[in-house]
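J.: Provide a 3D model corresponding to the input given below.
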Amino acid sequence: MGIQKFVFCFHNVELILSLGLSLTPVDIKRDSNKEVSFSIGESIRDEDIYIIMQIGSGIVNDKVLELLIMINACKTASARRITAVLPNFPYARQDRKDKSRAPITAKLMADMLTSAGCDHVITMDLHASQIQGFFDVPVDNLYAEPSVVRYIREKLDVNNAIIVSPDAGGAKRAAGLADRLDLNFALIHKERARANEVSRMVLVGDVTGKTCIIVDDMADTCGTLAKAAEVLLENGAKEVIAIVTHGILSGNAIANINKSKLERVVCTNTVPFEEKLKLCPKLDTIDVSGVLAEAIRRLHNGESISFLFRNAPY
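T.: Alright, predicted model coming up:
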C-alpha cells in the first residue's frame with residue numbers, strides 16, 4: 001500500500017518530489033483578526049496523514065499554532081493516523097529547568113502535539129535525545145550525520161582535517177563523526193556572559209596547519225561559530241569550515257558570517273533559508289529531503305528506520 005495523503009508542506013518541495021506524490025489541497029489563511037482559518041479540500045477519512053512543517057525561522061509561534069490546528073482538523077475529519085514531520089523541532093533548546101521558575105517548553109510542545117491528535121512524530125537531530133521521552137506517542141529522531149559524512153568526503157579534503165566541537169555538549173557528536181571519518185577531534189570550551197553571547201573560548205587539542213571542521217546541531221546568531229573560527233586560526237589552523245544541522249540564522253547571523261573568518265558555513269535544509277543563500281556567498285546546503293522521504297516510506301510500510309541512522313539515501 002502506498003502513502004495516501006500529504007496534507008500540507010511548508011517549503012520542502014524536494015521531499016514531496018522524492019516520494020513522487022502530490023499534496024492534498026488545503027486552504028489556510030488569516031481572518032481579519034489574525035486567527036488561523038484552515039480547511040482540507042477532500043475527504044481524508046481513514047487515511048494516513050503526513051503533515052510536513054519546517055519550523056525554525058520567521059514567526060515560530062504562528063507556525064506552531066498552524067501545525068496544531070492542522071493536526072486537530074485531520075483528527076476531527078476521522079483520519080486513521082496523523083504523523084507530524086518536523087525536521088527542526090521547535091523549542092528543543094528549552095528541554096530542562098536550567099534556572100529557577102523557568103519552563104520546560106519542549107515538554108509543553110510534546111503535550112500540545114499529543115493533545116491536538118498527533119499519533120507519530122518524525123524529526124531530525126533533536127537538541128537533546130531525551131526529548132523523545134516527553135512524548136506519549138512514538139518519535140523517530142533521525143540523524144544528519146550520514147549526510148554530513150557524505151558531504152565531507154565528497155566536497156572537502158579530509159587528508160589534513162580535524163573535527164572540532166564548539167562546546168563540551170557537542171563532544172559526543174564530534175567524536176562520533178571523527179570516528180566515522182577516521183580523524184582526530186578537538187574541543188572548544190566556551191563561557192557565556194549571557195544567552196547567545198560568548199565571553200571566552202579555550203581550545204583543547206592541536207589544530208596547527210589543519211582544516212578545522214566545526215560541527216554543531218544548530219546555528220542561530222552564529223556568534224559562537226565566528227568566535228570559534230578566530231580561536232582556531234589564532235592557534236594555527238589552516239582554514240575553518242562550519243557544518244550545522246539546523247541553520248536558523250536569526251538576527252545578525254548573515255552579517256556575522258560575512259565578516260567572520262569562516263571559509264564556509266554548511267547547513268542542512270531542515271530550516272528554509274533560500275533567501276539568505278543569496279545574501280551570503282559563504283553559505284552552502286546539504287539536502288536531507290531524501291532521508292525524511294525514506295523515513296516516511298519505511299514508516300508507512302512497517303519497515304525498520306534504524307537503517308537511516310548510519311546511511312543516507314540518494
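J.: measure residue 265 to residue 296 for me?
T.: Using C-beta to C-beta, to the nearest Å, residue 265 is found at 28 Å from residue 296. Glycine gets a C-beta too; all of them are placed from N, C-alpha and C.
J.: quick one, which of these two is more surrounded?
T.: Taking neighbours as other C-beta atoms under 10 Å, residue 265 and residue 296 compare with residue 265 leading, 27 against 24.
J.: ok, now how distant is that one from residue 285?
T.: Distance, residue 265 to residue 285, by C-beta to C-beta: 10 Å.
J.: Repeat that for residue 298.
T.: Counting by C-beta to C-beta - residue 298 and residue 285 are separated by 24 Å.
J.: For residue 265 and residue 285, list the residues in contact with both.
T.: Shared contacts of residue 265 and residue 285, defined by C-beta atoms under 8 Å, 6 or more residues apart in numbering, are not found at any residue.
J.: Return, as residue ranges, the portions of the chain with sub-threshold pLDDT.
T.: 1-18, 57-58, 191-199 (pLDDT under 70).
J.: Show me it divided up by domain.
T.: 5-144+290-309, 145-286 (automatic domain parsing).
J.: How far away from the center of its chain is the last one?
T.: This points to domain 145-286. Using C-alpha atoms, centre = their mean, to the nearest Å, the distance from the centre of domain 145-286 to the centre of the chain it belongs to is 15 Å.
J.: next one: stretch 49-59
T.: On the basis of C-alpha atoms, centre = their mean, stretch 49-59 sits 11 Å off its chain's mean C-alpha point.
J.: Same check on stretch 26-45?
T.: The chain centroid and the centroid of stretch 26-45 are separated by 27 Å under C-alpha atoms, centre = their mean.
J.: So which residues make contact with that stretch?
T.: 5, 7-8, 24-25, 62, 65-66, 69-70, 73-74, 77-79.
J.: mind listing the strands for the protein?
T.: Applying DSSP state E to the chain gives strands spanning 5-9, 26-30, 36-40, 48-52, 81-86, 120-124, 139-142, 161-165, 185-194, 197-204, 211-219, 239-247, 264-268, 283-286.
J.: Would you mark the buried spots in the second one?
T.: The one in question is strand 26-30. By 16 or more other C-beta atoms under 10 Å, the buried positions in strand 26-30 come out as residue 26.
J.: Likewise for the third one?
T.: Residues of strand 36-40 classed as buried by neighbour count (16+ other C-beta under 10 Å): 38, 40.
J.: again, but for the last one
T.: For strand 283-286, burial by neighbour count (16+ other C-beta under 10 Å) applies to 283, 286.
J.: Can you spell out which helices and strands pack onto it?
T.: helix 145-155, strand 264-268, helix 274-279 (3 or more C-beta pairs under 8 Å, 6 or more residues apart in numbering; DSSP states H and E).
J.: repeat for the fourth one
T.: In this structure, strand 48-52 makes packing contacts with strand 5-9, helix 60-76, strand 81-86, helix 289-300, judged by 3+ C-beta pairs under 8 Å, 6+ apart.
J.: quick one: that strand to strand 81-86, angle?
T.: 20 degrees (axes from the mean of the first three to the mean of the last three C-alpha atoms, to 10 degrees).
J.: Dump strand 48-52 to PDB, keeping only the CA atoms.
T.: Only the C-alpha atoms of strand 48-52 are listed here, as PDB (Å, rounded to 0.1, in the frame of the first residue of the first chain):
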ATOM      1  CA  ASP A  48      -2.800   8.000   6.800                       C
ATOM      2  CA  ILE A  49      -1.800  11.700   7.000                       C
ATOM      3  CA  TYR A  50       1.700  13.200   7.000                       C
ATOM      4  CA  ILE A  51       1.900  16.900   7.800                       C
ATOM      5  CA  ILE A  52       5.300  18.400   6.900                       C
END
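J.: quick revisit: could I get the strands of the chain in CSV, plus columns for distance to residue 111?
T.: Output for the strands of the chain, formatted as CSV (distance: least, C-beta to C-beta, whole Å):
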stretch, distance to residue 111
strand 5-9, 22
strand 26-30, 24
strand 36-40, 20
strand 48-52, 18
strand 81-86, 14
strand 120-124, 12
strand 139-142, 13
strand 161-165, 32
strand 185-194, 29
strand 197-204, 31
strand 211-219, 23
strand 239-247, 22
strand 264-268, 27
strand 283-286, 32
